[in-house]
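Asker: have a look at this prediction, sequence included:
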2 protein chains.
Amino acid sequence: MNNWLETTLLALNLTNKMQKAEGFTRLGLSLDEQRSMAVFCKTASDLGLSVKKDPAGNIIARWNPAQSILPAVVVGSHLDTVTNGGGYDGAAGVLCGLAAVKKLQDEQVIPSHPIEVVCFISEESARFGISTIGSKAMAGMLDKGIGSVKDAHGVTIKEAAEQVGIDWGNVMAAERDESEIKSFVELHIEQGLEIERHHAEFGVVQGIACPIRLKITVNGKAGHTGTTPMGERNDALVAIAPLVTFVSEEAASLSAGSELPIVATVSTVELSPNSMNVIPGKVELGIDIRSVEDALKEKMAEKIVQQCKRLQEQLDGTITIETLVHNPSVHLDASIMNRIKEAGEKTGFKSHVMNSGAGHDVMNMAKKWPSGLLFIRCRDGLSHHPEEHADIEDLAMGVSILSAFLRQEAGEVSDHTNRDHRTHRLNRTN
Amino acid sequence: MNNWLETTLLALNLTNKMQKAEGFTRLGLSLDEQRSMAVFCKTASDLGLSVKKDPAGNIIARWNPAQSILPAVVVGSHLDTVTNGGGYDGAAGVLCGLAAVKKLQDEQVIPSHPIEVVCFISEESARFGISTIGSKAMAGMLDKGIGSVKDAHGVTIKEAAEQVGIDWGNVMAAERDESEIKSFVELHIEQGLEIERHHAEFGVVQGIACPIRLKITVNGKAGHTGTTPMGERNDALVAIAPLVTFVSEEAASLSAGSELPIVATVSTVELSPNSMNVIPGKVELGIDIRSVEDALKEKMAEKIVQQCKRLQEQLDGTITIETLVHNPSVHLDASIMNRIKEAGEKTGFKSHVMNSGAGHDVMNMAKKWPSGLLFIRCRDGLSHHPEEHADIEDLAMGVSILSAFLRQEAGEVSDHTNRDHRTHRLNRTN
């Protein structure tokens, strides 16, 4: 299994080594993502799964040896990455999903429910500032209007989607009926160090900290850097720079004073005109705030609003604040959570129940179906970084837990007639 | 004359109105700059000047009615702009240069020395971070190696030059011999409010504050914004943000404590990966420092270096500083300065002797030829901004001063034979 995992991990990442200085860049709705998804299709096909692409571009690989009409038990994640990201965020989930099916096949299990491995499209917000497009579409939560949102090169989501063969006019048809799916589980690298700190081996997530995202626009006044005296400037960057420190310090202080942590980051900065001899006339900042505790996120956002008001007093210009995203945090299904935990512990691994600071496709699936999230460790807790890494042993552990969970969740055609029948069929196809 | 100035100003700016929300964008070595230069060529030709393009792409429009072999008296400026800049920075100088020749023609002056109006190529550093490429080439100060410097889209100076018909391999041939030019004068908008503050009408520049430009590179560590606790971050932006305030406050404080002012600006910021859900792993800042007092600039640069060292102590990463530009300030020719002053005052305008916070093509020409710089007022001192504006009356004043200076500097073929000869020739060509 470990060999298969290693080989397939490289293949999904379109590479022959996982550690590269530049990491991996497969932005959502890009041809790079498509190439990686094509490897997913091939791998699933080779395992005998039937593969189809839904109207949003998600790939659904279905294993239904019992030709059951029951709702599917679904596992999945994504294959897109941030710019210069790692090859495990997302990839680990689809890899272990396929591997779990392979393991059940190797164990000659015939599940009562169909099992599906889904590769969601465009999970990361790196390209368009909008995350989990594919799982939103599947859960019926997509706002079709996002089609006009542009990437840094002015390409809209609709255009990018059409460039990879998605008919945006039909994207809403990707929504699946509640009756089609029994439950959903995502496996993902932790992107943190909580599991290790608690001397555990895997994480079972109860809550997902969904973000509040703010866009701060500062309008000062551009002017020549050489001829405008210091006292006569309305430098938009000078006006807003203290907010970076403020956000960092306030998040640290709010975290220290609360039971649940909060994180806040000024993660994007755009200067205009961003030219060596022009005073910055306009600055746009993007701020990402996360906590499982929604009230804490709102408190942080309010502190930022108040601080911007104070900073504006020293500027002959304007500071405006737009809320780009305001997603309440997601609490996952307790029953699924417990069964993942049990599946892992029965397999011999120690669990840690925790929250997720990052959003994942599961947060959309959880709105419609009982859903769970299983974390495996990653080195130094590092993610969205070229040095992102998960040990093959941890991936293999993930496969064991996932397959144990699936075996229980999907049930098993266990009577002798069927078992013989299956053996017969297997022989026939060999 | 005012009508001619208005019409020609619009034509040079390829527009039918000067005030536009988006201003003017004619980057150096772009097709936009070329289109504007083509209007310059046409206008000069219509005035009977012979027009040629030198190997660096500068346009030299020569008026030599006496067919003199004496060195030329040269005036000139540029037609490129910053992104969303104004239509006067540069354009005012070439416009008034042509107009001054027109005025001398209207006054039936036959200058003893040839008079040239030069339109330099690529004066602004907005595109490549390198300023005054054309005048550097003419003064023999160009470093041909800059050909590999790239703009934001990855286009090199060499490629851009070749796209507008310049053979970069031959660019050094643009250097002119010292004997070809008697003196050089540039007219430019002030880009400040010193003339107005001193209740004067034009400025005569004695010193030009050339910049020290620093590039600060901060290497922290990227990571997921949702999963990396505040206490475990190496956020490059958080590390360097206080430098923005520091630069602004220190420049103000150094200015207050010195006879000559200093300005310093963090004018460019590039985040990497600049993605909403990734902690900034790398930040690059561009800092522009200017003063006529070189020691003051160096003091400011040193303070920045020291501050970066302090900021690095709080970062598990590196802050490196590169000096992109370190140009000693330029002191202009005292004799030319006095004669511009006299020319203006004889014409009835009040002068103010001052320094320039901005670099101009004249600073290169001054290295080889006696050179002067004449400022006219611009509204609110605003430049590199869509609202940049100079009154037509101030442009007309500039023309009067420039033509008076040229008439004296170029001398006049004053004997009757020549005057008759000229009249004869003029008749013939009508």
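Answerer: Received the coordinates, thanks.
Asker: can we go C-alpha only for contacts and neighbour counts from here?
Answerer: Will do.
Asker: list the contacts of the closest residue to A:Thr8 other than its chain neighbours.
Answerer: Leaving aside its sequence neighbours, A:Thr8 sits nearest to A:Leu95 (C-alpha to C-alpha, 6 or more residues apart in numbering or on different chains; 7.2 Å). By C-alpha atoms under 8 Å, 6 or more residues apart in numbering or on different chains, the residues touching A:Leu95 are A:Leu5, A:Thr8, A:Leu9.
Asker: closest to A:Pro242 among these?
Answerer: Nearest to A:Pro242 out of those is A:Leu9 (C-alpha to C-alpha; 43.0 Å).
Asker: and the closest one, how many neighbours?
Answerer: A:Leu9 has 24 neighbours, counted by other C-alpha atoms under 10 Å in any protein chain shown.
Asker: wait, a strand at it?
Answerer: No. Counting by DSSP: H, G, I helix; E, B strand; the rest coil, A:Leu9 is not found in a strand; it is helix.
Asker: quick one: contacts for it?
Answerer: A:Ala91, A:Ala92, A:Leu95.
Asker: confidence score at it?
Answerer: For A:Leu9, the model assigns a pLDDT of 98.
Asker: likewise for A:Ile157?
Answerer: 97.
Asker: and it, how many neighbours does it have?
Answerer: With other C-alpha under 10 Å as criterion, A:Ile157 counts 24.
Asker: what helix or strand is the residue nearest the centre of chain A on?
Answerer: Residue closest to the mean C-alpha point of chain A, counted by C-alpha atoms, centre = their mean, is A:His360 at 3.6 Å. Under DSSP states H and E, no helix or strand contains A:His360.
Asker: phi and psi next, for A:Trp63.
Answerer: Dihedral angles of A:Trp63 (phi, psi; degrees, to the nearest 10) stand at phi -120, psi 110.
Asker: pretty sure it is touching A:Ser112, no?
Answerer: No. If you go by C-alpha atoms under 8 Å, A:Trp63 and A:Ser112 don't touch, sitting 10.7 Å apart.
Asker: which one's more surrounded, these two?
Answerer: More neighbours surround A:Trp63 than the other of A:Trp63 and A:Ser112, with 27 against 24 (other C-alpha under 10 Å).
Asker: which ones are touching A:Gly140?
Answerer: Contacts of A:Gly140 by C-alpha under 8 Å, 6+ apart are A:Met172, A:Ala174, A:Glu175, A:Arg176.
Asker: among these, which are in strands?
Answerer: Here DSSP state E is the test, and these give no hits in strands at all.
Asker: and those residues, which are buried?
Answerer: Neighbour counting with 16 or more other C-alpha atoms under 10 Å in any protein chain shown marks A:Met172, A:Ala174, A:Glu175 as buried within the contacts of A:Gly140.
Asker: tally of neighbours for A:Glu6?
Answerer: 17.
Asker: within reach of chain B, which of the contacts of A:Gly140 are there?
Answerer: Restricting the contacts of A:Gly140 to those within reach of chain B (C-alpha under 8 Å from any C-alpha of the partner chain) leaves nothing.
Asker: and the furthest pair within these?
Answerer: A:Met172 and A:Arg176 (9.7 Å).
Asker: that older thread, shouldn't the residue nearest to the centre of chain A be in contact with A:Ser125?
Answerer: No. A:His360 is not in contact with A:Ser125 according to C-alpha under 8 Å; the separation is 10.9 Å.
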